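Asks: Structure of the sequence below:
(2 chains)
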Amino acid sequence: MKVTFVRTFSSFHLAILLVPFCTGLFACHSVWAQTLERTQSETSATKDLVDERVSHKSSTPDQTGEMEDGSTYAVKGNMSFQRGDYQDAVEYYEKAIARGIKNGHSYYNLANAQYRTNRLGASIANYRRAHALLPRDPDILANLDLARRRTLDKIQSDDYSLEKNVSKLLLPRSLFTRYQLSVFFILAYITFWTCFIIAPAWGKPFLRTIHLGSLIITVLLAVFLFGTKPGRDGNPEFAFTKGSRQIRPAVVTSTEVNVYSADSENYQVVFVLHDGAEIEVGELRGDWVEILLPKNRKGWVKRDTIEII
Amino acid sequence: MQERSLFPRILCKLSLLAVVLLLSGTALAETDLTVTILPRKGTVRDVYLLKVTVAGRKRAELGEPSFSESNRFTIEPSDTAINRQQIGGTERFQISFNFRLRPRSDLKPGKYRLPPGEMRIGDEIVSLPREAVTILPGVHEDKQSVQQLSGVGFTQYVDNTEPFVGQQITYRIEIASPPNFLGGTLEDSELSGFWRESFGDKEKQTRTTGGVTIRSFLEVLIPTTSGVQRIPERYLTARIRVPSRRSKGKGKRLFGGSFLSDDMFNGWPLLGRSRTLTKRFISDPLTLNVRPLPLPPVANTGYIPVGSLRMKSSLNTRNIKQGESVTMKVTLSGSANLRPLVLRPAPSENETDFKHYDDKPRIDAVVEGDKIKYSKTFTMALVPKRAGNLQLPVFTVLSFDPFLEKYRLLKTKEEKISVSPSEEEQQLVVTTADGAARLPITEKKTRKKEVRIVGEDLLPQHVGAHTFIPARTLTNHMLAMIIIIVPALSVLLRLILIRRQELLSDPGIILQRNALQKALSQIAALESSPVTSETAETLKRIITTFLSERLRTRADTLTSGEIRELLDKHTGDPELSARIGKAMDWLQHLLYASTPDKKPVEHPPLVTDLKSILEMIEQRLSDRRRRKL
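Replies: Coordinates of the predicted model:
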């Protein structure tokens, strides 16, 4: 058996196989890291929601106390929105999302309701969540643009032409959802390995082309899936290192936020941000979070003044 | 000591030489003045080309070269050629002043220098280098004899020696060149009293007749003034290959009659049997009697084209609204020179109905045979001043037909166009429901305005059943599982596939698989033949071969008892082993007990029995293998 293996797998073939293996390992590592991050984030988001519910228990429109499914809340949210009860609509939509109606439309409707209640930062955060799930929806882009135009802070990105040009390569990433890209990746991955199985036995030349093509597509899709992250303004950016992947986009949700030079109010306020400012967050330290802005501007704000996307 | 003092002196001289060379080089680089004579040797009958070339200066910076009077030569100015070159982004001019150098007929053979000459270059008057020309003795060739000797024919002629003023004539220069004609330069000459039109890329035509190549240079001449007009003689400087003097037997050749004296080496110095001569050829001048045009029948102050001419006109539309324009195209085509022609509308009362905007006319000159056909298109936009059915202006051209010797008046068609009122004044007719009453309403249409955005707000909520469907997600665990499991599974399948292929290609297994079929077909071949000792041997061999291949062991040397044991071990069926043992004993008996004079023992069921035994062995082995699996 061993002899057969050595004879059949030439060193060249093994070298070629290393590429998808490495891609797979890299993907596994990314998946693991993202799972951990998401779990932390979701735990904190759920905690926020529970806290919020407790604090607004008296004014919650769900007076019956009956547990309803997410779609019922979504319908109620739509009806409240139509009536002009935007605060109620916000609460219904949040419940619908908490009950599992997590899609681009729910986030979009929630963002619209938040926009109407002048919660600009929260609405931008939810428009961006909606955009991630429905990347080609023109309504989301239009409303996000409208909300962005109402913000007070003008934060200009670093004008590195090389970085901008390289980021153009990530255009396909911004056209598809993560799920769609995952499906494409799996298809290409399976195609590659199927060709690996049948190519030597079948011996058709076109299989070699498919084999190589699927390898290239697999690697590209792996880069799109596991080597990118959403940037501060929502456009995808390359993120191959653990440090770069830990930097995540966020939106200021308080009307005015003092940004301190370190994680305590005893430090100097270095600048002030307003509702809807799109930032990036780095390190988390208790109730404080490090925020990062272009041109190497940094500072610390309280965790509850921003919403991490 | 001497060597020591010599070295600095040589060094000084070399330095001085280098400085002189550098300075002269710099001077030459700025302005390059050369004087050349072609050919450098000739007889008193020849006319030489004297060329004064100045490079690096513009024409305005140069004066005409002048030569002092000489009792040896006559120097006549010929023409000037300006060559402009773009070298590395710098414009560089090379201007050549050409002269005809004629030696006096009584000049004795010898080498003569040019008379002193000078010219202005910039602000300086520069003396011209005095090049020398060698007059050869004893040869007094006239023009005819030169042409006859060399075989080169050089003539010029026109297709009409009595044209009208403005009539197109074809001027042709023909050089009949034999194979020894290597090439040449045709000098240009100024033709006063003619408009010249080039044939473009069809200017040069070549044809071959009887080993002689005839090169024709065509040009169209259009006389501009009447009276006797002269086309001066033309000069051709040609390089001709003539037999070497040595080949006439004078002296010995460097390489004798060896292969090196082959024609292949003709172009090589010292090796060829021929040499190249530069000769000047002169063509006869031509005299034309240019006839004036007769008086025109109508008063015409403009240009009158002479030649055959056609005129046609076209419109882009015949229905327009007031304020719009109609485009009219008038195309004139024919052999007459149309370049100076200007189109004028005939004076008429309707002319005032239109405003007239002319576009730049387009002219094309196309070569047709040995004539140039002109085509000139006038495009104009006519804007009506009022609504209604309006008569378009008529354009006329007076031309002269030289073949009929008559004038012709060409006109555009008289055409009308319908001009409707503009939109502002257009009447709208509203018909009532019963269609009876028709109410004419005059309404001024408002101009369209760009949509102005007066406010902006959110786009609507997303509603519908599809908004309640949660977004599909692929969990990270599932993705990780696929990433890990797929390659592992693939490698496993690949190994199985490889193993299977190996098994399929193993010759022992192939034999094992086909053993029964092979044995049965061999036995079937023996069914019709009687069982003799030969048949018995064959049958025994078939059985032992079957057992060898099927059980992958050597069974050909085994006895019937050993075969029984072997089968008992592999099939586990003692009855079957006993049957095969019995059959083998029978065969053994047939093989050794039978004699030639005795009749063979009849055992008809033996062959059939053997077939069933072999099938049963196969069956038992397959069952046993299946049970093992």
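Asks: how near is the most centrally placed residue in chain B to chain A?
Replies: Centroid-nearest residue in chain B, with Cα atoms, centre = their mean: residue B:201, separated by 16.7 Å. Here the criterion is Cβ to the nearest Cβ, to the nearest Å. By it, residue B:201 lies 48 Å from chain A. The C-beta positions use only the backbone N, C-alpha and C, and glycine is treated the same way.
Asks: Can you read off the backbone torsions of that residue?
Replies: phi -70, psi -10 (degrees, to the nearest 10).
Asks: Could you report the neighbour count for the closest residue to chain B within the stretch 151-300 of chain A?
Replies: Nearest to chain B in the stretch 151-300 of chain A, going by Cβ to the nearest Cβ, is residue A:193, at a distance of 3.9 Å. By other Cβ atoms under 10 Å in any protein chain shown, the residues close to residue A:193 number 23.
Asks: any idea how far it lies from residue B:379?
Replies: 69 Å (Cβ to Cβ, to the nearest Å).
Asks: hmm, back to that, ok, the residue nearest to the centre of chain B to residue B:156 distance?
Replies: 21 Å.
Asks: do residue B:121 as well
Replies: 35 Å.
Asks: roughly how far is stretch B:92-100 from the heart of the chain?
Replies: Its chain's C-alpha centre lies 35 Å from the corresponding centre of stretch B:92-100 when counted by Cα atoms, centre = their mean, to the nearest Å.
Asks: Equivalent analysis for stretch B:386-402, please.
Replies: Centroid separation between stretch B:386-402 and its chain, computed with Cα atoms, centre = their mean, is 45 Å.
Asks: Pull the number of nearby residues for the residue lying closest to residue B:131 once chain neighbours are set aside.
Replies: Among residues not flanking residue B:131 along the chain, residue B:35 sits closest, at 4.9 Å (Cβ to Cβ, 6 or more residues apart in numbering or on different chains). A count of nearby residues for residue B:35, using other Cβ under 10 Å, gives 17.
Asks: and residue B:35, that one's in a strand?
Replies: Yes: under DSSP: H, G, I helix; E, B strand; the rest coil, residue B:35 falls within a strand.
Asks: Is it in contact with residue B:49, as I believe?
Replies: No: look at residue B:35 against residue B:49 with Cβ atoms under 8 Å: they stay out of range, at 11.3 Å.
Asks: Okay, now the unreliable bits of the chain?
Replies: You didn't pick a chain, so chain A it is. Scanning chain A for pLDDT under 70 picks out A:1-67, A:158-164, A:203.
Asks: should've been chain B
Replies: Looking at chain B by pLDDT under 70, you get B:1-13, B:15-31, B:86-89, B:138-150, B:210, B:244-274, B:346-352, B:423-447, B:531, B:593-605.
Asks: Do a quick rundown of the helices in it.
Replies: All helices of chain B, identified by DSSP state H, fall at B:2-30, B:143-150, B:476-504, B:507-526, B:533-551, B:560-571, B:574-593, B:605-628.
Asks: which one of those helices is the most hemmed in?
Replies: helix B:533-551 (a mean of 19; mean count of other Cβ atoms under 10 Å in any protein chain shown).
Asks: how much distance is there from it to the middle of the chain?
Replies: On Cα atoms, centre = their mean, the centre of helix B:533-551 falls 79 Å from that of its chain.
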